[in-house]
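Peer 1: sequence first, predicted model second:
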Amino acid sequence: MAVGTILTDQGDIEAPERALIIVAHPDDIDFGMAGTVAALTSAGCHVAYCLTTSGEAGDDDLSHTPAELAAMRQAEQTAAAAQVGVSDLHWLGHPDGMVVADLGLRRDIARVIRIQRPEVVLCQTTIPNWDHIYISHPDHLATATAALAAVYPDSRNPRAFPELLDEGHKPHNVSEIWLIGTEPNRYVDITDTFENKVAALREHRSQTEHMEDLDGRLREWSSETARAGGLPEGRLAEAFRVVAAG
């Protein structure tokens, strides 16, 4: 399938044929990059999600068991993904709130990379943000650390986790990593896909129903990001640090 372009602060750039997004929790993708996902899928890119947890610790209402909450949040994320053109989701089942960037997580992410064989991996940052502590949830940092190790060297090294070869998963080289939450050098224009982002986040009812003026908040944040990237007034954007990995 031929791919098209997406609009950025650097003009139109060619979308990758395949992209994999690796995050810690349901809704991390949709707050951070759902507009970009919608732009990528609209351009013909196949996007898959890899979530290290099922979000079973993400609600203060103790009337739900962890298993019930995990099922609820998986369903919410699946519905949110559909709003931006994604139907391929991988759930790793690591414990919410206790993610560790250990060899087991690296192996699990490397397996998904070898299955999906993306040109681009999008993930969270390993660097704490002291101005916005929620960005620096320890699960985010641990997932990002393991994801970067899985991109390089694990997914491309045939000697890393030989059990993956036994499972039939051949090594794969990722070309680029797009990080959210740190020192951006690319701004993706999401003006045309902003409503998809809002619709995706509304599917996360357990997390967003209590938020007043969700649309307004998202529009304000996206406008600020667009201005920081030098986009014209009235445009909306999401920001990434693009790192060569090939």
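Peer 2: Good, I have the coordinates. Residues are numbered from 1 along each chain as shown.

Peer 1: okay, the helix ranked longest in the chain in CSV with CA atoms only?
Peer 2: Under DSSP state H, the helix in the chain containing the largest number of residues is helix 66-83. Extracted in CSV, the C-alpha atoms of helix 66-83 (Å, rounded to 0.1, in the frame of the first residue of the first chain):
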residue,chain,number,x,y,z
PRO,A,66,-7.8,-4.9,39.4
ALA,A,67,-9.0,-7.5,36.8
GLU,A,68,-12.3,-5.6,36.2
LEU,A,69,-10.4,-2.3,35.8
ALA,A,70,-7.9,-3.9,33.4
ALA,A,71,-10.7,-5.3,31.2
MET,A,72,-12.4,-1.9,31.3
ARG,A,73,-9.3,0.0,30.3
GLN,A,74,-8.3,-2.4,27.6
ALA,A,75,-11.8,-2.0,26.1
GLU,A,76,-11.5,1.8,26.3
GLN,A,77,-8.1,1.8,24.6
THR,A,78,-9.3,-0.5,21.9
ALA,A,79,-12.3,1.8,21.2
ALA,A,80,-9.9,4.8,21.3
ALA,A,81,-7.5,3.2,18.8
ALA,A,82,-10.4,2.7,16.4
GLN,A,83,-11.1,6.4,16.4
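
Peer 1: so which other helices or strands are in contact with that helix?
Peer 2: Applying 3 or more Cβ pairs under 8 Å, 6 or more residues apart in numbering; DSSP states H and E, one finds that helix 66-83 contacts helix 28-42, strand 46-51, strand 88-91, helix 194-202, helix 205-208. Bear in mind the C-beta positions are built from the backbone N, C-alpha and C, glycine included.

Peer 1: the strands in the chain, which residues?
Peer 2: Under the criterion DSSP state E, the chain contains strands at 5-8, 11-14, 18-23, 46-51, 88-91, 120-124, 176-180, 186-189, 237-244.

Peer 1: output the fifth one as PDB, nothing but the C-alphas.
Peer 2: Taking only C-alpha atoms (Å, rounded to 0.1, in the frame of the first residue of the first chain), the coordinates of strand 88-91 have been written out as PDB:
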ATOM      1  CA  ASP A  88      -3.600  -3.900  16.100                       C
ATOM      2  CA  LEU A  89      -2.900  -3.800  19.900                       C
ATOM      3  CA  HIS A  90      -0.300  -5.800  21.900                       C
ATOM      4  CA  TRP A  91      -0.800  -6.000  25.700                       C
END
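
Peer 1: hey, which helix or strand in this structure has the poorest pLDDT?
Peer 2: None of the helices or strands of the chain scores lower by mean pLDDT, DSSP states H and E than helix 205-208, at a mean of 90.

Peer 1: okay, buried residues for the longest helix of the chain please.
Peer 2: 69-70, 72-74, 76-78, 80-81, 83 (16 or more other Cβ atoms under 10 Å).

Peer 1: any chance of those in a markdown table, plus distance to Asp28 and pLDDT?
Peer 2: Listed next are the buried residues of helix 66-83 as a markdown table, based on distance: Cβ to Cβ, whole Å; pLDDT from 0 to 100:
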| residue | distance to Asp28 | pLDDT |
| --- | --- | --- |
| Leu69 | 16 | 93 |
| Ala70 | 15 | 95 |
| Met72 | 16 | 95 |
| Arg73 | 11 | 95 |
| Gln74 | 14 | 97 |
| Glu76 | 12 | 97 |
| Gln77 | 9 | 98 |
| Thr78 | 15 | 98 |
| Ala80 | 11 | 98 |
| Ala81 | 12 | 98 |
| Gln83 | 15 | 98 |
